[in-house]
Each structure stands twice: as structure tokens, then as C-alpha cells.
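K.L.:
My questions are about this predicted structure, shown below with the sequence.
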Amino acid sequence: MKPIYIGADHAGFHLKEKLKRWLEHKRVPYIDVGNKRLDPKDDYPDFAIPLARKVVAEKSLGILVCGSAQGMCIAANKIKGARAVIPYSLREARLSKEHNNANIICLSGWFTHAHKSKRMIEIFLTTPFTKEPRHLRRLEKIKRLER
């Protein structure tokens with residue numbers, strides 16, 4: 001299994017650290033792109049952008065955590081090939097992989113409990129993309145926008 005990438009700003013730092021311990025327990029290899037220490041003055045794009053670039057280059061998956069999850073998602077999606085999502089339910093986590101072939105899951109450090117985050121990540125990491133023609137067609141239309 002390829003390592004997944006994980007990153008967070010100050011608002012997502014504590015959840016990220018809990019998720020890292022959980023990933024270790026599950027024997028899921030990961031690479032922490034930062035922040036490696038709690039810094040109340042850090043900025044989410046400084047972690048979202050490098051993570052998204054690594055996910056795309058390595059054809060891997062990523063986990064981003066900030067206060068609302070919105071900023072990380074916006075920043076990550078600026079990178080060509082990144083398909084970052086913010087699921088609010090287990091079903092959305094599954095559908096984002098099955099239908100959208102999402103490669104980055106963004107979570108809220110303020111509003112998403114660690115237990116639910118772990119369940120969504122587990123679904124996100126294990127659900128395959130269906131490769132149904134309608135989903136491939138839609139992703140191709142999105143890809144054409146990136147040129």
C-alpha cells in the first residue's frame with residue numbers, strides 16, 4: 001500500500017495527531033506534510049498545496065484537516081488532478097470515492113468528532129472508484145477544465 005499524505009493547520013492539528021495514532025494502529029502508512037507542531041499563526045494553504053501536489057504526483061490519497069475543512073478543500077482543488085471533498089456523512093465519504101474518484105478527504109477540526117472522522121477515512125481509503133461510464137465521462141469533463 002502506498003503511503004497516504006496527511007496535513008493540518010493549527011485548527012486541525014489536534015485531530016490530525018489523533019488520526020495519525022489511529023493510522024499507525026491500523027498499520028496504514030502515512031507521511032505527515034505538517035504542520036508538525038501547533039502554530040496558531042500558520043496558514044492552511046501551506047499544507048494543502050504541497051499535500052495535493054504529492055497526492056497527484058504519487059497517485060496516492062490525502063487527508064487534510066483545518067477548522068472548517070473549507071479552506072483546505074478550496075486550496076487543494078487548485079492543484080491540477082486534485083479532487084478534494086468534504087464529506088459530512090459516511091455515505092458521502094463512500095460516494096465521493098465511488099462516483100467522483102476523490103483523492104483527498106478534508107475534515108473539520110472544529111465540527112467533526114474523531115470517531116466519525118476515523119470511520120469516514122476508513123471508508124474513503126477502502127472504497128474503489130466504480131469506473132462506470134457516466135462517472136468517467138463526468139470526470140473527463142472536469143479534467144478538460146484543468147488544461
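P.N.:
Received, thanks. Predicted model, so just to flag it, every value in this text is computed and none were measured.
K.L.:
alpha carbons only for contacts and neighbour counts from here, please
P.N.:
Will do.
K.L.:
May I see the buried residues of stretch 37-49?
P.N.:
For stretch 37-49, the neighbour count (16 or more other CA atoms under 10 Å) marks Asp43, Tyr44, Pro45, Asp46, Phe47, Ala48, Ile49 as buried.
K.L.:
Same check on stretch 128-138?
P.N.:
Within stretch 128-138, judged by 16+ other CA under 10 Å, the buried ones are Pro128, Phe129, His135, Leu136.
K.L.:
Give me the nearest residue to the second one, chain neighbours excluded.
P.N.:
Using CA to CA, 6 or more residues apart in numbering and skipping the chain neighbours, the partner closest in space to Phe129 is Glu98 (4.1 Å).
K.L.:
Contact partners for that neighbour?
P.N.:
Thr127, Pro128, Phe129, Thr130, Lys131 (CA atoms under 8 Å, 6 or more residues apart in numbering).
K.L.:
run the last query once more with 6 Å
P.N.:
Glu98 is in contact with Pro128, Phe129, Thr130, counting by CA atoms under 6 Å, 6 or more residues apart in numbering.
K.L.:
ok now stretch 137-147, how far from the chain's centre?
P.N.:
Chain-centre distance of stretch 137-147: 20 Å, with CA atoms, centre = their mean, to the nearest Å.
K.L.:
what do you get for stretch 67-82?
P.N.:
Mean-position distance between stretch 67-82 and its chain equals 9 Å (CA atoms, centre = their mean).
K.L.:
With stretch 45-56 instead?
P.N.:
In terms of CA atoms, centre = their mean, the centre of stretch 45-56 is found 10 Å from the chain centre.
K.L.:
ok, which stretches of this protein are strands?
P.N.:
For the chain, the strands defined by DSSP state E occupy 4-8, 30-34, 62-66, 84-85, 104-108.
K.L.:
what about those, which gets the closest to Lys141?
P.N.:
For these, the distance to Lys141 is smallest for strand 84-85, at 16.3 Å, taking CA to CA.
K.L.:
quick one: average pLDDT of that closest one?
P.N.:
Strand 84-85 comes out with an average pLDDT of 98.
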